[in-house]
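> A structural model of the following input is requested.
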Amino acid sequence: MDNGYEKKGENIYFACRKKAAMYNEALNSRENAAELLGISTSTLANHELGITKNVPVDTVVLMADLYNCPELKNGYCKHECPIGRNLPLATEENGLQGITVKILNSLDDENVRTMKKSLLNIALDGKITEDEKDEFDRIVKTLDVLASAISELRMIAEKCGKR
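Numbering: from 1, shown residues only. Below you'll find the model as predicted:
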């Protein structure tokens, strides 16, 4: 999150607060939002203007919950956390239709059956041999696409209050 990663050209923290303000008037002002978050107005301004290099994780969680914006948490994990950087996490929601297509395409019966057989053959001896590496990488990439789509679906569920 290099000085507050961006969403469509603006700082993600500012963009999420402004979007949330459409449903919660108190979030229209930085002062009210800061009070609800339990931080100073200047601290919130620093986060929203990208002045703060690393926004504290507890503040990100508070913002995500207050703004009903779970992509803040995923974005933090994907861009700030050295462990999360390599995980297939979605950092923005691209719509239920697109997510559904990605998931169902990944779970196509024939594709799953082929992948299952390949993975079983690779795992048979407990080792990934040189001639199996390309197929294994293809399987992992396919599963990463599925994991990212599931991550997106989880964000939608969280926004709907189902998580």
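> Secondary structure element holding the residue nearest to residue 84 when sequence neighbours are not counted?
Among residues not flanking residue 84 along the chain, residue 77 sits closest, at 3.4 Å (Cβ to Cβ, 6 or more residues apart in numbering). (C-beta placed from N, C-alpha, C; glycine too.) Assessed by DSSP states H and E, residue 77 sits inside helix 71-79.
> ok, and what's touching the next helix or strand after that helix?
The element immediately downstream of helix 71-79 (helix or strand, assigned by DSSP H and E) is helix 96-106. Residues from elsewhere that reach helix 96-106 (Cβ atoms under 8 Å, 6 or more residues apart in numbering): 93, 111, 142, 143, 145, 146, 148, 149, 150, 152, 153, 156.
> Now do the contacts for residue 48.
Contacts of residue 48 by Cβ under 8 Å, 6+ apart are 4, 11, 13, 14, 17, 30.
> Most neighbours among these, which one is it?
residue 13 (29 neighbours; other Cβ atoms under 10 Å).
> just for the chain, where's the confidence low?
1-9, 162-163 (pLDDT under 70).
> Quickly list the domain ranges of it.
Per automatic domain parsing, the structural domains of the chain span 6-86, 96-159.
> Of those, flag the one that's most buried.
domain 6-86 (a mean of 17; mean count of other Cβ atoms under 10 Å).
> does residue 60 really touch residue 73, like I thought?
Yes. The criterion here is Cβ atoms under 8 Å, and residue 60 meets it with residue 73 at 6.3 Å.
> for this protein, what spans make up the strands?
6-7, 10-11 (DSSP state E).
> Partner strands of the last one and their direction?
Which is strand 10-11. Its sheet considered, strand 10-11 pairs with strand 6-7 (antiparallel) by DSSP bridges.
> Contact partners for residue 60?
72, 73, 76.
> what do you get for residue 131?
Going by Cβ under 8 Å, 6+ apart, the list of residues near residue 131 is empty.
> go with 10 Å
Residues near residue 131 by Cβ atoms under 10 Å, 6 or more residues apart in numbering: residue 122.
> Now do it against residue 125, distance only.
Separation of residue 131 from residue 125 (Cβ to Cβ, to the nearest Å): 12 Å.
> can you check residue 106 too?
Residue 106 sits 27 Å away from residue 125, going by Cβ to Cβ.
> Brilliant, that's me finished.
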